[in-house]
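# Sequence first, then the predicted structure:
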Amino acid sequence: MWLTDEQIERFHHDGFLALPGLFSSEDAALLRAQLPALYAERRPENWREKDREAVRTAFALHRRNRVFGRLVCHPRLLEPAMQLCGSKVYLQQIKVNAKAAFAGDVWQWHQDFATHHAEDGVPEPTALNLHVFLDDVNDFNGPLMFIPGSHRHGLLGAAHDTATTSYPLWTIDQARLTRLVEEGGIVTVTGPAGTGLIFGDLIVHGSNGNMSPWPRTIFSAIANPVNNAQVTFKRPDYIHERVFTPVECLPDDCLSCG
């Protein structure tokens, strides 16, 4: 699946691009059905919410489950990534970010590259976050929020927040955020299960906690050009992959195969 010139222009202008209907509701249901067994595993790949049992992030799903192993090779994800990167890509990180109903905590305002650069030594901010909504995402269950155009400011100063949530994150201070919002505003990306979303390593984004009765689960594959691989190895390989060979596309119907 290749992006149109208009979609590419919108991505570069805003820093993110929504792709309604990228996958079917049946595809999303198949992927969602894999999660209860994966969440139940007591292993370090499953990060749970602070002081709660609910899973916040489940890493390395492609290693743990055959269906997710196919999803990471899906052409509807990889072809747009290669088109935007202008090169082959490897998988830098695979996860599901979950916001359980009434329990999902915030993700503070941040740029992904702040973590990728500081923690993993990724040289340039050229990685792409490829999302698939596995639940319907609405205004109330913790949709992603973006500051359009904030990627054009480059890497912003960040502090390492190890206290707010269970997951440590390099976050942006309130004064700088206020200036960015005055310039670009804030938008949310919502849509039914199966919606796709692509955003770059420098776009400022975050999400509120989920106070609603509806879960919000999003699959994420971070694709990075093969010539931009990490050079330091502080984090375990299930958080930041160390296989730098290019990913090859499977057939478009791979999720329903065997």
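Cool, got the structure.
# which regions of this protein sit below the pLDDT cut-off?
Filtered on pLDDT under 70, the chain yields the residue ranges 161, 163-167, 258.
# Surely Asp111 and Gly206 touch.
No Asp there; residue 111 is Gln. No: with contact defined as Cβ atoms under 8 Å, Gln111 and Gly206 do not form a contacting pair (10.2 Å). The way it works is simple: take the backbone N, C-alpha and C, and place the C-beta from them, glycine included.
# which of the residues in stretch 196-210 are buried?
196-210 (16 or more other Cβ atoms under 10 Å).
# Where strands are concerned, which of those count?
Using DSSP state E, the members of the buried residues of stretch 196-210 that fall within strands are 196-200, 205-207.
# Kindly indicate which of these lies nearest Ala159.
Ala159 has its nearest neighbour among those in Gly206, at 14.4 Å by Cβ to Cβ.
# Please enumerate the helices of this protein.
5-14, 25-33, 35-40, 61-64, 66-71, 75-85, 112-120, 174-184 (DSSP state H).
# Show me what the fifth one is in contact with.
When you say that, I think you mean helix 66-71. 30-31, 34, 61-63, 77, 94, 132, 219, 221, 250, 254-255, 257 (Cβ atoms under 8 Å, 6 or more residues apart in numbering).
# Try it again at 7 Å.
The contact list for helix 66-71, computed with Cβ atoms under 7 Å, 6 or more residues apart in numbering, reads 30-31, 34, 61-62, 219, 250, 254-255.
# can you count the residues close to the residue lying closest to His205 once chain neighbours are set aside?
In this structure, His205 finds its nearest non-sequential neighbour in Phe146, 4.8 Å apart by Cβ to Cβ, 6 or more residues apart in numbering. Neighbourhood size, Phe146 [other Cβ atoms under 10 Å]: 25.
# Same question for Tyr238.
When neighbours are counted by other Cβ under 10 Å, Tyr238 comes out with 19.
# and the residue nearest to it when sequence neighbours are not counted, what does it touch?
In space, and not counting its chain neighbours, Tyr238 is closest to Ala60: 4.1 Å by Cβ to Cβ, 6+ apart. Taking Cβ under 7 Å, 6+ apart, we find Ala60 in contact with 45, 94, 238.
# Could you measure from the second one over to Leu38?
Looking back up the chat, that one is Ile94. Going from Ile94 to Leu38 by Cβ to Cβ, to the nearest Å gives 12 Å.
# And the residue nearest the centre of this structure?
Centroid check for the chain by Cα atoms, centre = their mean gives Ser220 as the closest residue, at 3.8 Å.
# beta partners of that residue?
Bridge pairing for Ser220 (DSSP bridges) gives the partners Lys95, His131.
# Wait, it touches Ala127, no?
No: here Ser220 lies out of contact with Ala127, judged by Cβ atoms under 7 Å, at a distance of 11.4 Å.
# if we can go back for a sec, can you name the residues bridging to the residue nearest to His205?
Residues in beta-bridge contact with Phe146 (DSSP bridges): Val187, His205.
# residues in contact with it?
Taking Cβ under 7 Å, 6+ apart, one finds 15-16, 187, 189, 199, 203, 205 in contact with Phe146.
# run the last query once more with 10 Å
14-16, 18, 184-189, 197, 199, 203-207 (Cβ atoms under 10 Å, 6 or more residues apart in numbering).
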